[in-house]
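Chemist: Turn this into a structure:
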Amino acid sequence: MARMVLVHGAFAGAWCWEPIVAGLESAGHAVETLDLPGAGDDRTPVEQIDLRCYADRVVSQLEQVDEPAVLVGHSMGGMVITQAAALVPERVARLVFVCAFMPHGGQSLLQLTQLPEGADDQVQANLVVTGDPPVATLPREACRHTLFNCCTEEQAVWATNRLGTQPIAPFTSAVEIPAGVLNGIRRAYVLCSNDHAIPPALQQRMIAEHGVTDVVNLDTDHMPFLSATDELVAALDRFALASR
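Modeler: This next block holds a predicted model:
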């Protein structure tokens, strides 16, 4: 079976993967989760955080075990796993994007959200940015419609209570990918067709631009580990087995 490293998205932490860890482990996979700097229980100061800081944290996780990992990123985590893979491609067996941003070299998350297909992005529409360095919050009253529109009320409350703040610097940092360095790493994508955070049209554009053919479409929201737990476990299990 496979080693899997799961990387969360903005406002979240390792906690978001809790609903699917047992299912993946029951399928025989070795599952690792982590808090990105400043997220979850990590207390890295906001002024030290950018996309490279995130990627370095993932690289550190990948280097703890000799076996290359199936590297899974959710949402903003797609930016992070791409940058981490560009730094240590030999440590990555496969990249899996779960309703995640999938950049080309030189692109930032903010640039991807500004593409025409990203026009209905409800995260960008509801962000409140304050401070210096700037930090974003997603108002509680916007979370249900923006992130948890297919979740039960119990699931939405559980996750909303755990959401944190999000430094803006990782949104504006461009991914740096040396030419050809990711050519040998296969990609897979979980497209969520009822996603209000990364519009399905933007997900489809990124899939097409990168020539990704291994795609699972889930009729759910931006939080499939909550709203489509079994289906996401099945998709990640298949992707992991295909990486062996």
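Chemist: any idea of the mean pLDDT for the longest helix along the chain?
Modeler: Determined from DSSP state H, the single longest helix within the chain is helix 229-242. Average pLDDT, helix 229-242: 96.
Chemist: so V216, which of the three states?
Modeler: Recorded secondary structure, V216: strand (DSSP: H, G, I helix; E, B strand; the rest coil).
Chemist: middle-most residue in this structure, spatially?
Modeler: H74 (1.9 Å; Cα atoms, centre = their mean).
Chemist: what's across from it in the sheet?
Modeler: Beta-bridge partners of H74, counted by DSSP bridges, are V98.
Chemist: which residues touch Q166?
Modeler: By Cβ atoms under 8 Å, 6 or more residues apart in numbering, Q166 lies in contact with 10-11, 135-138. To be clear about C-beta, it is placed using only N, CA and C from the backbone, and glycine gets the same treatment.
Chemist: Next, find the distance separating it from A125.
Modeler: As judged by Cβ to Cβ, to the nearest Å, Q166 and A125 stand 15 Å apart.
Chemist: Please name the residues that touch V21.
Modeler: Residues near V21 by Cβ under 8 Å, 6+ apart: 31, 33.
Chemist: what helix or strand does it sit in?
Modeler: helix 18-26 (DSSP states H and E).
Chemist: What's the mean pLDDT across that helix?
Modeler: 98.
Chemist: next SSE after it?
Modeler: Where DSSP H and E defines the elements, the next helix or strand beyond helix 18-26 is strand 30-33.
Chemist: So what touches that following strand?
Modeler: 1-6, 8, 14, 17, 21, 24-25, 61, 69.
Chemist: follow-up on the earlier one: roughly how far is the helix holding V21 from the heart of the chain?
Modeler: 17 Å (Cα atoms, centre = their mean, to the nearest Å).
Chemist: which of the residues in that helix are buried?
Modeler: 19-21, 23-24 (16 or more other Cβ atoms under 10 Å).
Chemist: just these now: which is nearest R144?
Modeler: R144 has its nearest neighbour among these in P19, at 18.0 Å by Cβ to Cβ.
Chemist: Number of residues surrounding the closest residue to G118 other than its chain neighbours?
Modeler: Nearest residue to G118, sequence neighbours excluded (Cβ to Cβ, 6 or more residues apart in numbering): L202, at 4.6 Å. Counted with other Cβ atoms under 10 Å, the neighbours of L202 add up to 23.
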